[in-house]
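S.K.: what follows is a predicted structure for the sequence shown.
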Amino acid sequence: MNGWRAWGETDPSRYHRLPDGIRIDGTGENIGKSHPLTIITGDHSYEITVHVTCREGCEAGIILQYNEEIYNAISLKDGRLRIYRLGRMLAQKDTGFTECWLRMKNDDQYISFSYSPDGISYKKMNYVINAVSQNNNAYNGFLSLRPGIFAAGEGDAELKQFTYTGLA
């Protein structure tokens, strides 16, 4: 997929191309300040899936970002899955995973999250986020919600086999 952009100023040496993905060196004190790689989409509904492997101290996953403070995300860090709404942690679940598949579905601004240890059988997290009001009328800036991937904190993460599927 073309059109990847890093949010804010970033160091290109953090990004290392892999045969089937990317390794990102973690940075920033939180997800919003980690300079996520995002894409602009034309679809109102879509699904994103990625395989994430995190090193200790690194948090990585899928983000739907408006700006550094306003974002929704699913992430993996130190064996815990985390869900974020409006830039704040909404929930976390101990899994013991150091790697797993993460999925975010945007169904006309209703955001849901799933995870899978094998990339075949997914378990839906028990949260749906209404992102309808996450726009420039509420937060200024004339920005849009952009999906993407990130690695925050220390260490690094590998994000592989990224898929974006537009939904009718």
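M.R.: Okay, I see it. Residues are numbered from 1 along each chain as shown.
S.K.: now the closest residue to residue 131 other than its chain neighbours: phi and psi?
M.R.: The shortest distance from residue 131 to any non-neighbouring residue, by CB to CB, 6 or more residues apart in numbering, is to residue 109 (4.7 Å). C-betas here are computed from N, CA, C, even on glycine. Dihedral pair for residue 109: phi 80, psi 10, per degrees, to the nearest 10.
S.K.: pull the contacting residues for residue 109.
M.R.: 44, 130, 131, 132 (CB atoms under 8 Å, 6 or more residues apart in numbering).
S.K.: just residue 152 next, same as before
M.R.: Contacts of residue 152 by CB under 8 Å, 6+ apart are 26, 27, 28, 29, 30, 31, 33, 34, 58, 59, 60, 75.
S.K.: hmm, residue 34 and the second one touching each other?
M.R.: Yes. With the criterion set as CB atoms under 8 Å, residue 27 and residue 34 qualify as a contacting pair; they are 5.7 Å apart.
S.K.: poorly predicted segments of this protein, please.
M.R.: By pLDDT under 70, the low-scoring segments of the chain are 1-2, 133-143.
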